[in-house]
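> Sequence and predicted structure are below.
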Amino acid sequence: MIYLQLFLSFLQVGMFSIGGGYAAIPLIRDQIVTSHTWLTMNEFTDLITIAEMTPGPIAVNSATFVGIRITGPLGAVIATLGCITPSLLIVSLLAYIYYRYKNVSALQSVLASLRPAVVALIAGAGLSILKLVVFQGNVVALASVNWAGVLIFVAAFVALRTFKINPILTMLCCGAANLFVNLFC
């Protein structure tokens, strides 16, 4: 039964995560933290961090990790298949439709109308993770602000946007800074 739950949960993630990996984060969170309680919110944040740093799509990496965590290698395969099955089917159908009707203006209008929804999903996911980091998962209050996390975020933002520092180097430095803060402060 757990294999069916894994498959169906990640089938939903794969089916409704229009807009890519960042847009899938709220759907993944709903399935693995809220609906099934397979992970806690802190474990979920760690999962997203690892899934983002490893090669491959965030949703697929998450499915594989959760599958291994819940039932082992077979669970990883089943969860991953659940996640990629909708994409395989939908992309094949959309490729056919797009190549057949790519010059129709109605199709271009539909594609343009999806952009705001994707931006909203990405912003929502970013704000949830930012809230968890800044307020350490607690109530939103000035007293619960994780100032070290805020400082690391601002430094990373400036390094990436202003100085165009390599993102991998920035992630490594942020991880080292957070480790230093947690060990010595």
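Looks like it arrived, so ask away. Residues are numbered from 1 along each chain as shown.

> Could you report the separation of the spatially most central residue of the chain from residue 181?
Centre of the chain computed as the mean C-alpha position; nearest residue by CA atoms, centre = their mean is residue 25, 3.5 Å away. Residue 25 sits 25 Å away from residue 181, going by CB to CB, to the nearest Å. The C-beta positions use only the backbone N, C-alpha and C, and glycine is treated the same way.

> all helices of the protein, in order?
Secondary structure of the chain by DSSP state H: the helices cover 2-16, 21-29, 41-53, 58-71, 73-101, 105-134, 147-161, 167-184.

> residues near residue 104, how many?
Look at residue 104: counted by other CB atoms under 10 Å, it has 12 neighbours.

> so who does it touch?
Contacts for residue 104 (CB atoms under 8 Å, 6 or more residues apart in numbering) come out as none.

> From residue 91, how far off is it?
19 Å.

> and if you look at residue 62?
Taking CB to CB, one finds residue 62 at 19 Å from residue 91.

> Kindly report the same for residue 9.
Counting by CB to CB - residue 9 and residue 91 are separated by 21 Å.

> Between these two, which has more neighbouring residues?
The residue with more neighbours, out of residue 9 and residue 91, is residue 9; 24 against 11, by other CB under 10 Å.

> what's the neighbour count on residue 170?
17.

> mind listing what the residue nearest to residue 70 when sequence neighbours are not counted touches?
Nearest residue to residue 70 in three dimensions, chain neighbours excluded: residue 38, at 5.7 Å (CB to CB, 6 or more residues apart in numbering). Shown in contact with residue 38 (CB under 8 Å, 6+ apart): 32, 66, 69, 70.
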